[in-house]
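*Asks:* Sequence plus the predicted model coming up.
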Amino acid sequence: MDRLTLRRPDDFHVHLRDGPGMASVLADTARQFARAIVMPNLKPPIRTTQLALNYRERILGEVPDGVEFEPLMTLYLTDDTPPEEIARAKLSGRVHGVKYYPAGATTHSDAGVTRISRCFHTLEKMEEVGMPLLVHGESTDPMIDVFDREKAFIEEILGPLMERFSQLKLVLEHITTRDAVQYVEVTGANVAATITAHHLLMNRNALFAGGIRPHHYCLPVLKRETHRRALVKAATSGNPKFFLGTDTAPHARGAKECECGAAGIYTAHAALELYAEAFEAADALEKLEAFASHHGADFYGLPRNSGRVTLEKAQWEVPREYPFGDSSVVPLRAGRTLGWRLVR
């Protein structure tokens with residue numbers, strides 16, 4: 001197969017940042033995806049419906065002329081998020097999820113949830129109105145090995161949480177382990193997961209190939225090869241509980257190449273091309289459209305997009321960096337050749 005046409009896909013996990021940085025990277029997402037679930041971990045975080053609506057207007061103001069793109073907004077869950085805010089968010093028709101960051105788990109998560117029991121009344125309202133909870137599923141216990149934190153979170157937090165709120169719609173974001181795949185597979189239709197291209201393509205060896213590779217550092221971190229294979233099997237299975245979420249996360253080059261580098265991998269420049277590579281390697285290109293264009297929209301209760309995009313088998317060299325505000329961002333596969341290219 002040297003040409004692949006898909007129903008225009010959606011990205012169900014994207015970091016667009018704000019201000020000049022957002023203006024630099026938004027076009028990469030908008031030219032591929034019709035819609036995107038936009039993460040709320042700005043500084044300060046998007047805690048209210050009004051802040052989400054204001055952010056949405058800033059995003060729309062930077063969409064390139066002639067491009068159709070809809071940002072799907074989210075709220076940042078805190079210990080003090082009132083149930084009334086969930087009702088306002090649902091009524092707005094613009095907020096499509098609430099993001100649960102365990103406090104300290106990842107970038108800009110300091111204002112996140114310190115103890116999930118403090119959010120029970122809010123979660124009851126979410127369950128009542130059908131508002132999805134979007135979960136960064138990692139334990140923040142410093143005594144737990146960084147490679148085991150997803151598994152620990154599922155066992156210690158997520159399992160009991162879903163027993164209490166059995167009808168809550170939940171997306172376990174950017175899963176990285178066989179344990180997460182198995183959990184999603186055996187739970188109800190109200191539980192789903194996103195999978196990134198970089199977790200499909202790389203295992204943890206990529207962090208140390210020839211030396212420390214800061215631009216391969218993300219959270220949750222890359223895992224063992226056995227886990228990568230489990231993710232590929234899930235993504236290419238046709239199971240509607242798994243769908244595309246890039247977790248593209250731009251950071252200025254200096255914030256990555258420093259003493260304490262930021263977590264995040266920038267993939268928006270070639271997201272569909274990278275997913276096509278992963279699906280082709282698994283001999284499952286025919287499954288890519290459902291994963292990218294059907295499953296996520298169906299789970300969120302959105303109509304499937306009517307437009308089309310086309311990928312061609314063609315080699316091109318990824319630039320070594322892209323503009324990012326007054327700095328630059330180093331993309332995944334910088335300076336290397338990709339074998340698929342988005343042509344329209």
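*Replies:* Perfect, I can see it now.
*Asks:* Strands of this protein, start to end?
*Replies:* Counting by DSSP state E, the chain has strands at residues 3-7, 11-14, 35-38, 70-76, 95-100, 133-135, 170-172, 191-195, 242-244, 308-317, 322-324, 327-329, 337-342.
*Asks:* Run through who's touching the longest one.
*Replies:* Judged by C-beta atoms under 8 Å, 6 or more residues apart in numbering, the contacts made with strand 308-317 from elsewhere in the structure are 1-9, 32, 272-273, 276, 335-344. Backbone N, C-alpha and C define where each C-beta goes, glycine included.
*Asks:* Nearest residue to residue 279 in space, ignoring adjacent ones along the chain?
*Replies:* Computed as C-beta to C-beta, 6 or more residues apart in numbering, the closest residue to residue 279 that is not its neighbour in sequence is residue 288, at 4.6 Å.
*Asks:* ok, the one you found - contacts?
*Replies:* Each residue near residue 288 by C-beta under 8 Å, 6+ apart is listed here: 4, 6, 275, 276, 279.
*Asks:* How about residue 311, nearest residue that isn't a chain neighbour?
*Replies:* Nearest residue to residue 311 in three dimensions, chain neighbours excluded: residue 4, at 4.6 Å (C-beta to C-beta, 6+ apart).
*Asks:* Please verify my assumption that that neighbour contacts residue 276.
*Replies:* Yes. Residue 4 lies in contact with residue 276 (C-beta atoms under 8 Å); the separation is 6.6 Å.
*Asks:* overlap in contacts of these two?
*Replies:* 285, 288, 311, 340.
*Asks:* so what's the first one scoring on pLDDT?
*Replies:* At residue 285, the pLDDT value in this model is 97.
*Asks:* List the residues that contact it.
*Replies:* Counting by C-beta under 8 Å, 6+ apart, residue 285 touches 1, 4, 276, 279.
*Asks:* likewise residue 78?
*Replies:* For residue 78, the residues meeting the contact criterion (C-beta under 8 Å, 6+ apart) are 45, 47, 111, 112, 113.
*Asks:* gap between the residue nearest to residue 279 and residue 336?
*Replies:* When distance is defined by C-beta to C-beta, to the nearest Å, residue 288 is 21 Å away from residue 336.
*Asks:* these two touch, right, residue 83 and residue 119?
*Replies:* No. Counting by C-beta under 8 Å, residue 83 does not reach residue 119; the two are 9.7 Å apart.
*Asks:* the more surrounded of the two?
*Replies:* Neighbour tally, residue 83 and residue 119, criterion other C-beta atoms under 10 Å: the higher count belongs to residue 119, 22 against 17.
*Asks:* what residues are up against that one?
*Replies:* For residue 119, counting by C-beta under 8 Å, 6+ apart, the contacting residues are 77, 79, 81, 100, 113.
*Asks:* cool, and residue 292?
*Replies:* Contacts were defined as C-beta under 8 Å, 6+ apart; by that measure residue 292 touches 6, 9, 10, 243, 244, 272, 275.
*Asks:* ok so, going back, wait, which of the strands of the chain is closest to residue 54?
*Replies:* Go through these one by one with C-beta to C-beta and the one that ends up closest to residue 54 is strand 70-76, at 9.8 Å.
*Asks:* Listing partners with orientation, what would you give for that closest one?
*Replies:* Each strand that strand 70-76 pairs with, and the sense of that pairing, follows from DSSP bridges: strand 35-38 (parallel), strand 95-100 (parallel).
*Asks:* And the contacts of the first one?
*Replies:* The set of residues that contact strand 35-38 without belonging to it, under C-beta under 8 Å, 6+ apart, is 10-16, 29, 55-56, 59, 69-74, 96-97, 134, 245, 300, 302, 305.
*Asks:* Send over it as CSV, restricted to the C-alpha atoms.
*Replies:* Written as CSV, here are the backbone C-alpha positions of strand 35-38 (Å, rounded to 0.1, in the frame of the first residue of the first chain):
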residue,chain,number,x,y,z
ARG,A,35,-10.9,18.4,16.6
ALA,A,36,-8.7,18.0,19.6
ILE,A,37,-9.2,17.5,23.3
VAL,A,38,-7.1,20.3,24.7
